[in-house]
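A.B. asks: Whatever this is, show me its structure:
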Amino acid sequence: MAVNTDRPQPPSADYGQPTFSQRGDIERRGTKTPKPDDAAGETNWLRIAKEAFEFSTNYMDANYRARWDDAIRAFNNQHPARSKYNSQAYDKRSKIYRPKTRSIIRKNEAAACAAYFSNMDVVQVEAERMDDKNEQASADVMKHLLN
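C.D. replies: As a prediction, this is how the structure comes out:
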């Protein structure tokens, strides 16, 4: 089986060796306790935490960071980092770049504000039985208390 080395892979020793069931299916045990690091039998949890942090950082850098940086640059009306317009050959050209990212975000923010703040009441409280005066009074008091 070929292993894809384009992105970092988790250490397979932490997951245990594959075992085979009676039917021949491969089973992996994902809850295996890490092996002790020193002679006293204690596990170095600080090392494990550092390795997990390093692996997650490498994974984020390899898979998401470039797209996030390009999205932030588009929001700030800049070309992506790997764009030909950032090269020396395009140095004297116009720097105007008008992506729709900022306008779309502003439009969605305005729609969210309109939805959240269109009604001054936080909750709508009504009596279950409208013919009962005590229940209506109780619902009015609860509405004023909650708002």
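
A.B. asks: Would you mark the buried spots in whatever helix or strand Asn134 lives in?
C.D. replies: Element membership of Asn134, judged by DSSP states H and E, is helix 133-146. If you call a residue buried by 16 or more other CB atoms under 10 Å, then helix 133-146 has these buried ones: Ala139. C-beta coordinates here come from the backbone N, C-alpha and C atoms, glycine included.

A.B. asks: Now that helix: average pLDDT?
C.D. replies: Mean per-residue pLDDT for helix 133-146: 88.

A.B. asks: got the CA positions of that helix in PDB?
C.D. replies: Provided in PDB are the C-alpha atoms of helix 133-146 (Å, rounded to 0.1, in the frame of the first residue of the first chain):
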ATOM      1  CA  LYS A 133     -57.800  36.600  33.300                       C
ATOM      2  CA  ASN A 134     -55.300  35.300  35.800                       C
ATOM      3  CA  GLU A 135     -53.300  33.600  33.100                       C
ATOM      4  CA  GLN A 136     -53.200  36.700  30.900                       C
ATOM      5  CA  ALA A 137     -52.000  38.800  33.800                       C
ATOM      6  CA  SER A 138     -49.300  36.200  34.600                       C
ATOM      7  CA  ALA A 139     -48.200  36.200  31.000                       C
ATOM      8  CA  ASP A 140     -48.000  40.000  30.900                       C
ATOM      9  CA  VAL A 141     -45.900  40.000  34.100                       C
ATOM     10  CA  MET A 142     -43.600  37.300  32.800                       C
ATOM     11  CA  LYS A 143     -43.100  39.200  29.500                       C
ATOM     12  CA  HIS A 144     -42.200  42.400  31.200                       C
ATOM     13  CA  LEU A 145     -39.800  40.600  33.500                       C
ATOM     14  CA  LEU A 146     -38.000  38.700  30.700                       C
END
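
A.B. asks: quick one: the helices in this protein?
C.D. replies: 45-63, 65-75, 101-117, 133-146 (DSSP state H).
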